[in-house]
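K.L.:
have a look; sequence and predicted model below, questions after that.
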Amino acid sequence: MEHGSFQDQTASTFSLADEDHTLANSVRFTLNQDPRVTFCGYSIPHPADARVNIRVQTTGDPASEVLKDACQDLMLVCQHVRSTFDQAVADLKRRKLLQPWTLTIKEITGLIISLSRVSFEN
Amino acid sequence: MPKVPIWDLPDVPKGELPPHIELQRTRVLCNPDAPTHTENIQYSGAYASMGVDNSLRLDHFRENFKVEVIRLTEDDMEFDLIGIDASLANAFRRILISEIPTMAIEKVLIANNTSVVQDEVLSHRLGLIPIKVDPRLFDYMSENDVPNEKNTIVFKLHIRCERGGPRLTVKSDELKWLPNGSEFLLATENSTSNSTSKPKTYTSFRCSQDSLQEFSNNPIAPKHPDIIISKLGPGQEIELEAHAVKGMGKTHAKWSPVATAWYRMLPEVVLLQEVKDEKAVELEKKCRVKVFDIEDVGNGKTRATVARPRACTLCRECIQEEGWDKYVALRRVKDHFIFTIESTGALPPEVLFTEAVKILEDKCERLITELS
């Protein structure tokens, strides 16, 4: 739901139902980095209502377009995060598969400590 | 007066920030009294006067963003997210805790409970038991849905402590999966009218969950077989059916797929000047988590080095004493997050994180379609 005037489309408040800080703060982050934005911020009018208001004021473009672009940017960022993460996990799994006998330093020190404890007890 | 080219004058913008502002932008300074420069500067034109563009550049993000997996086990993982803003790291954390669905026991039909644990307490305990099943194979059950094989998992618990025997501890492995649905008959007035058809129960499964290939050789069960549900004295008995449905952590924490998920910014410990000999020993002793090591530099001289900055808890004990902040600086790197996920067992932690990112993407997509 958008609240704004028909004459001036450069400033609007968007009221999103069933959303919270998770989306609003992320969108605010991408909005703030858009050079067309002069002001943006969000608020949760009442903590018991699942609703956020996002305010966008721009230098000239329609606020809804700028917000849409911000979402698009956020999606691209997410896609990149996901592919990089999947790649990192796949790399780790492959390395573990190649060298199943390699132990981490923590495991080695743990082994040494337990061995020395055994010899000490004997 | 010698001629100096205009570009060599110290106040000409060079497209990069002066070192002290760069430090304030990328680090939280942990001073003895309080941390400073904790905010993230997000506004695109924040450094316009210095010729630095602070707008979101996706190619720049793609070049700098890195993930390093530190530890990955069956149900917990630790990884570094490098080059990302706190707002996004926090969004992922919030989604992990409260918006990834899992299956948990929601309805408990108690036929008999003579144990000392009251019905409602018993039901609550059952609800908190993590169930090892992929929630993506199930649908949500809305208010006027009938429980069927796509939205409900039924468990049976029937245990009795015999008289004259020892007391009995009921553990979660007593929950037996019923792939054909509920076995409790629904009481209806005209139960005699059509005796040929299958008797009505509390669920209406069209087929056995056993026959679905996902579960045929991987029966559904609680993740841990040794969670204590109740204790029975001689003669006491529990007979019940537990119906698990799909839900989200924001409704009730029993549906949260993580024991917890958290992140911290990478600590950075810097020695501003060399710390030698007795002072080095003193510094090494100050630190409880052994961030510093003592290094031999020859001629019987020693100096302190920062060996394990990741272990630093930013307790600031090393700079609390007068004058020590001249030697040691404690900082946090603002765009480096050490992220830890502890899964409860429904999904492995690496899958949970990708699911969380997907959920944020879905939210964006929904907002875009709502706007257009």
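P.N.:
That came through, no problem.
K.L.:
residues touching the residue most central in space within chain B, list them.
P.N.:
With distances taken as Cα atoms, centre = their mean, the residue of chain B nearest its centroid is B:Ala261 (2.2 Å). Contacts for B:Ala261 (Cβ atoms under 8 Å, 6 or more residues apart in numbering or on different chains) come out as B:93, B:96-97, B:339-342, B:352. Placement of C-beta: from N, CA and C, glycine included.
K.L.:
can you pull the pLDDT of the residue nearest to it when sequence neighbours are not counted?
P.N.:
With Cβ to Cβ, 6 or more residues apart in numbering or on different chains as the criterion, B:Ala261 has its nearest non-adjacent residue at 4.1 Å, and that residue is B:Leu96. pLDDT, B:Leu96: 96.
K.L.:
what's the spacing between B:Leu96 and chain A?
P.N.:
To chain A, B:Leu96 is 10 Å away according to Cβ to the nearest Cβ, to the nearest Å.
K.L.:
quick check: buried residues in the top helix by length along chain A?
P.N.:
Scanning chain A for the longest helix, with DSSP state H as the assignment, gives helix A:63-98. For helix A:63-98, burial by neighbour count (16 or more other Cβ atoms under 10 Å in any protein chain shown) applies to A:63-64, A:66-71, A:73-78, A:80-82, A:84-86, A:88-89, A:92.
K.L.:
the residue positioned nearest the centre of chain A in helix, strand or coil?
P.N.:
In chain A, the residue lying closest to the centroid (Cα atoms, centre = their mean) is A:Ser26, at 6.2 Å. At A:Ser26 the chain is in helix, as set by DSSP: H, G, I helix; E, B strand; the rest coil.
K.L.:
pLDDT value on it, please?
P.N.:
pLDDT at A:Ser26 comes out at 95.
K.L.:
show me the contacts for it.
P.N.:
For A:Ser26, the contact set (Cβ under 8 Å, 6+ apart) comprises A:74, B:87-88, B:91, B:360.
K.L.:
narrow those to those in strands?
P.N.:
Among those, DSSP state E puts none in strands.
K.L.:
out of those residues, who has the most neighbours?
P.N.:
Within those, B:Ala91 tops the neighbour count with 28 neighbours, counted by other Cβ atoms under 10 Å in any protein chain shown.
K.L.:
I figured that residue hits A:Val27, correct?
P.N.:
No - using Cβ atoms under 8 Å, B:Ala91 is not in contact with A:Val27; the gap is 9.6 Å.
K.L.:
so where's the chain shaky on pLDDT?
P.N.:
If you meant another chain, say so; for now it's chain A. In the predicted model of chain A, residues A:1-2, A:4-5, A:99-122 satisfy pLDDT under 70.
K.L.:
wrong one, chain B
P.N.:
B:7, B:10-14, B:188-197.
K.L.:
show me it divided up by domain.
P.N.:
Under automatic domain parsing, the residue ranges defining each domain of chain B are B:6-50, B:102-255.
K.L.:
out of these, which gets nearest to B:Cys318?
P.N.:
Nearest to B:Cys318, of all those, is domain B:6-50, at 9.7 Å by Cβ to Cβ.
K.L.:
end-to-end on that closest one?
P.N.:
Distance across domain B:6-50, first residue to last, is 16 Å (Cα to Cα, to the nearest Å).
K.L.:
Three-state assignment for the nearest residue to A:Gln33 once chain neighbours are set aside, please.
P.N.:
Spatial nearest neighbour of A:Gln33, chain neighbours left out: B:Leu56 (3.6 Å); criterion: Cβ to Cβ, 6+ apart. Three-state call for B:Leu56 (three-state DSSP): coil.
K.L.:
ok, now which ones touch B:Leu56?
P.N.:
Applying Cβ under 8 Å, 6+ apart to B:Leu56 gives the contacts A:30, A:33-34, A:73, B:44.
K.L.:
please redo it, this time with the cut-off set to 6 Å
P.N.:
B:Leu56 makes contact with A:30, A:33, A:73, according to Cβ atoms under 6 Å, 6 or more residues apart in numbering or on different chains.
K.L.:
which of the residues you listed lies closest to chain B?
P.N.:
When those are compared for distance to chain B (Cβ to the nearest Cβ), A:Gln33 wins out at 3.6 Å.
K.L.:
wait, the residue nearest to B:Ala261 touches B:Val258, no?
P.N.:
Yes - contact criterion Cβ atoms under 6 Å: B:Leu96 and B:Val258 qualify, at 5.3 Å.
K.L.:
looking at the backbone only, give me phi and psi for B:Val291.
P.N.:
When read as degrees, to the nearest 10, the backbone of B:Val291 gives phi -70, psi -30.
K.L.:
quick check, it in contact with B:Ala304.
P.N.:
No - if you go by Cβ under 6 Å, B:Val291 and B:Ala304 don't touch, sitting 9.7 Å apart.
K.L.:
buried residues, stretch B:254-266. List them.
P.N.:
Buried positions in stretch B:254-266, judged by neighbour count with 16+ other Cβ under 10 Å: B:254-258, B:261, B:263, B:265-266.
K.L.:
now the two most distant members of those.
P.N.:
For those, the maximum inter-member distance is 33.2 Å, found between B:Lys254 and B:Leu266 (Cβ to Cβ).
K.L.:
now the residue of the stretch 201-350 of chain B found nearest chain A. Nearest residue, chain neighbours left out?
P.N.:
Using Cβ to the nearest Cβ, the closest approach of the stretch 201-350 of chain B to chain A is made by B:Glu350 at 4.7 Å. Leaving aside its chain neighbours, B:Glu350 sits nearest to A:Val89 (4.7 Å; criterion: Cβ to Cβ, 6+ apart).
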